[in-house]
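Visitor: Build the 3D model from these lines:
(one chain, ligands or ions: 2)
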Amino acid sequence: MTTIAVLGAGKIGEALLSGLLQGGRPAEELLFTEKHPERAAELTEQYGVEGLDVASAAQRADVVVVAVKPQDIEPLLDQLAPVIRPGTLVVSLCAGLPTSLYERRLPEGTPVVRVMPNTPMVVSEAMSAISAGKYAQAEHLNLVDDLLQTVGKVARVPENQQDAVTALSGSGPAYFFYLVEAMIDAGILLGIPRDLATRLIIQSAVGAAQMLNRNDQHPVILREAVTSPAGTTIMAIRELEKHGVRAAMLAAIEAARDRSVELGRDHEAD
Ligand SMILES: NC(=O)C1=CN([C@@H]2O[C@H](COP(=O)(O)OP(=O)(O)OC[C@H]3O[C@@H](n4cnc5c(N)ncnc54)[C@H](O)[C@@H]3O)[C@@H](O)[C@H]2O)C=CC1
Ligand SMILES: O=C(O)[C@@H]1CCC=N1
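Guide: Ligands and ions are numbered 1, 2, ... in the order given. Okay, the predicted model is just below:
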């Protein structure tokens, strides 16, 4: 039996707990800590998972999953460092934070795996990228890989790619939601009722995602198949190009990468 404690049960922490339960892991093997007691009570009520303080969770856990905001990491490490058991695997889901931060602040030799997941974890469709820290062995990486496969797909990446991965797939769902929101607004502009516009766009997104997921044709080919000579789509594409949407996407993802790097720098050794 491997006991997993999720430290910080917000959006991602809850998604992981619920995904692991749905994947068949018994509630007795899961624990969480949460700063807000009302939130902790709600989660226990909903999932039947025990909420504890950090010291008690660390006493019982074989794996601790850190899912607080990067800005909240220092007080959490202050709490965790004196109580974590030797050999406990630490899995960080935090944007920007390097494994070296945990290795420096926790007992010597603590194995750390850095993960960048995303919110589609709530429907077991997460994309998670994982990287081993200095003391993490193959067995640790395999354990994290198996855990995360319960809630989606997993890629192994060198840690120096994690800031870019964070900008691509960590934040990625937000870009799609933003696009869907803008397309629904376009429906409103054209006089389509909001409910209908929403259905039209969401089903188009789901269909397009499934076509992409077949992986048998490049996105360019799929787009070209929709784009008839002198038809409607090419008129829209001309406007997207005119408004620099492709360049905006490149700049946006670069800015997200830079922010991830900055979040890590805030915690560099003096
Ligand atoms: N939301 C997202 O799409 C993604 C978030 N992440 C990462 O996951 C982490 C969590 O993000 P969210 O779930 O969005 O944030 P959130 O704010 O929803 O959840 C964080 C939770 O941690 C709790 N918390 C803070 N300090 C604590 C402490 N010392 N002890 C116990 N609980 C504590 C807070 O009360 C809160 O419920 C972040 O580091 C973020 O970078 C990674 C990938 C995607
Ligand atoms: O916006 C953020 O910082 C987090 C990390 C990746 C997705 N959400």
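Visitor: Against residue 177, how distant is the residue of the chain found nearest ligand 1?
Guide: Of all residues in the chain, the one sitting closest to ligand 1 is residue 10 (1.7 Å; CB to the nearest ligand atom). Using the backbone N, CA and C atoms, a C-beta is placed for each residue, glycine as well. Taking CB to CB, to the nearest Å as the measure, residue 10 falls 18 Å from residue 177.
Visitor: higher neighbour count, the two?
Guide: residue 10 (16 against 12; other CB atoms under 10 Å).
Visitor: quick one, what contacts the more buried one?
Guide: Going by CB atoms under 8 Å, 6 or more residues apart in numbering, residue 10 touches 67-69.
Visitor: Same question for residue 73.
Guide: Applying CB under 8 Å, 6+ apart, the residues near residue 73 are 66, 94, 97, 101, 267.
Visitor: Keep only those of those that are in strands.
Guide: Per DSSP state E, strands hold the following members of the contacts of residue 73: residue 66.
Visitor: Could you list which of the contacts of residue 73 belong to helices?
Guide: Among those, the residues falling in helices (DSSP state H) are residue 101.
Visitor: pLDDT check: weakest of the contacts of residue 73?
Guide: Minimum pLDDT for those is recorded at residue 267 (82).
Visitor: And for that residue, the neighbour number?
Guide: Counted with other CB under 10 Å, the neighbours of residue 267 add up to 20.
Visitor: Can you give me the neighbour number for the closest residue to it other than its chain neighbours?
Guide: Among residues not flanking residue 267 along the chain, residue 101 sits closest, at 4.9 Å (CB to CB, 6 or more residues apart in numbering). Residue 101 has 24 neighbouring residues, counting by other CB under 10 Å.
Visitor: ok, residue 101 to ligand 2 distance?
Guide: Using CB to the nearest ligand atom, to the nearest Å, one gets 16 Å for the distance from residue 101 to ligand 2.
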